[in-house]
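> Need the 3D shape of this:
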Amino acid sequence: MHGDGTREAARESPDSDQPITDQVSDADEGPVAARSGSRHGVPKAPRRRDARRSGEGLRDGSAAGKKPRSRADLVRTGVRGLGQTLITFGLVVLLFVVYELFVTDLFTNQRQEELTQELRQNWGDDPTVNGPDLPGGGLSSIPLGEGFAFIRIPAFGVDYVKVVIEGTDPDELEQGPGHYVDSAMPGDLGNFSLAGHRVGKGSPFLDLDRLQPGDAVVIETSDMWFTYVVLGDPTTGNFDADPSGIPGLEIVSPQDVDVVFPIPGVDDSSVEPTAAYLTLTTCHPKFSAEQRLIIHAILNGPGLPRADYPDGPPALTGG
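Purely as a prediction, here's the structure:
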């Protein structure tokens, strides 16, 4: 009777915060052990839970001193910490590379779609937008960062088309290939010069090294098509065999700005250009800005009106 009463009191005690299973176990163990010891004269054995708790002090060093850490232990700890730091740094670099190579491409491609819609809309509203008052249907003053033309390179596939942006600062080149503001306009005498990223930011000029002498580069403006061909000898593939003396492809340092002069490579402002050139510039080699890869092309015949060639010039249609 008393034992059962003690068990009920333990279950109903409002001060107990142990799980119910522990409350029942403690209440059952105590009275039973006490009755057993009283009946047979055997001292009560220490409870197993208390024994475990008494050993915790030994494990955490409170009852016995810790052994001093050796120099080897300190070295191992330092090496482990350095390894973790290097792994973290490597992951950060990897994430940055992924961002530069893939994420920026997505952003630029999305921006190119927006620019394409804007430019087509502007041309649809006003076919004379950007001013056809200059020779060859060229363009007048264009705000920095605004799209004004399309570049197409058939050798890169029928789907290769990019909006050309005015300006070559980082903000402009993040949107697509940019026009050197002091260079000629499409179809004009002189050197229509463009810069573009090779890797990342849409990678518009990733494959410039694939171009061969005679390959076409087509520029579309609001009212004209202009077809340029890469300089060199198409029969031999020799970029240095053009009668103009201008190479179709060259690798230069970033300081060699004469490649975008009115006559590529001619540092003499007194010499007037007598031909219309196109120059494309990008970083070289891939994943590096140590040098510049340059493509030179020359206008192949007069510009063709878009109204007469709605599907594009022969270089695009194969006609």
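
> okay, CA-based contacts and neighbour counts for the rest of this
OK.

> Show me where the stretch 151-300 of the chain has its strands.
161-166, 178-179, 190-195, 216-220, 224-230, 249-252, 276-284, 291-299 (DSSP state E, counting those that start in this stretch).

> Minimum distance to Gly312: which of the ones you listed has it?
Closest approach to Gly312 among the strands of the stretch 151-300 of the chain is made by strand 224-230 (7.0 Å; CA to CA).

> List the neighbouring strands of the closest one plus their orientation.
strand 216-220 (antiparallel), strand 291-299 (antiparallel), strand 304-305 (antiparallel) (DSSP bridges).

> Can you add mean neighbour count and give these back as JSON lines?
Output for the strands paired with strand 224-230, formatted as JSON lines (neighbours: other CA atoms under 10 Å):
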{"stretch": "strand 216-220", "mean neighbour count": "23"}
{"stretch": "strand 291-299", "mean neighbour count": "23"}
{"stretch": "strand 304-305", "mean neighbour count": "18"}
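
> Just put these in TSV and tack on distance to Gly318 and mean pLDDT.
Shown next, in TSV, are those (distance: least, CA to CA, whole Å; pLDDT from 0 to 100):
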stretch	distance to Gly318	mean pLDDT
strand 216-220	11	98
strand 291-299	18	98
strand 304-305	15	97
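
> Please identify the deepest-packed of the strands of the stretch 151-300 of the chain.
strand 178-179 (a mean of 28; mean count of other CA atoms under 10 Å).

> How far does that one sit from its chain's centre?
20 Å (CA atoms, centre = their mean, to the nearest Å).

> Relative to it, what are the paired strands and their orientations?
Checking strand 178-179 against DSSP bridges gives partners strand 161-166 (parallel), strand 190-195 (antiparallel).

> Next up, the contacts around Glu201.
In this structure residue 201 is Lys, not Glu. Each residue near Lys201 by CA atoms under 8 Å, 6 or more residues apart in numbering is listed here: 100-101, 104-105, 107-108, 173-176.

> try it again with 6 Å
Lys201 is in contact with 104-105, 108, 174, counting by CA atoms under 6 Å, 6 or more residues apart in numbering.

> how much space between it and Leu293?
Using CA to CA, to the nearest Å, Lys201 is found at 17 Å from Leu293.

> do Tyr180 as well
For Tyr180, the distance to Leu293 - CA to CA - is 16 Å.

> returning to that earlier point: quick one: which of the contacts of Lys201 is nearest Asp125?
So of those, ranked by how close each gets to Asp125 (CA to CA), first place is Thr108, at 25.4 Å.

> which one of the strands paired with strand 224-230 lies closest to Ser253?
strand 291-299 (4.7 Å).

> So the protein: which segments form each domain?
2-59, 98-317 (automatic domain parsing).

> Lowest mean pLDDT across these, which one is that?
Set side by side, those differ in mean pLDDT, and domain 2-59 is lowest with a mean of 44.

> on that earlier part again, narrow the contacts of Lys201 to those in helices?
Members of those lying in helices (criterion: DSSP state H): 104-105, 108.

> Run the angle between the helix or strand encompassing Gln112 and strand 161-166 for me.
In the assignment (DSSP states H and E), Gln112 maps to helix 104-125. If you take axes from the mean of the first three to the mean of the last three CA atoms, to 10 degrees, helix 104-125 sits at 80 degrees to strand 161-166.

> can you list contacts of helix 104-125?
175, 200-202, 222.

> and with 8 Å instead?
Against helix 104-125 from outside (CA under 8 Å, 6+ apart): 129, 147-148, 162-163, 174-176, 200-203, 222.

> In CSV: the ones in helices among the contacts of Lys201, plus neighbour count and distance to Leu189.
Shown next, in CSV, are these (neighbours: other CA atoms under 10 Å; distance: CA to CA, whole Å):
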residue, neighbour count, distance to Leu189
Thr104, 19, 35
Asp105, 20, 34
Thr108, 20, 31
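
> Now do the contacts for the residue lying closest to Ala275 once chain neighbours are set aside.
Nearest residue to Ala275, sequence neighbours excluded (CA to CA, 6 or more residues apart in numbering): Leu189, at 5.3 Å. Taking CA under 8 Å, 6+ apart, we find Leu189 in contact with 262, 273-277.

> Then Gly196?
Contacts were defined as CA under 8 Å, 6+ apart; by that measure Gly196 touches 173, 176-178, 203-205, 280-282.
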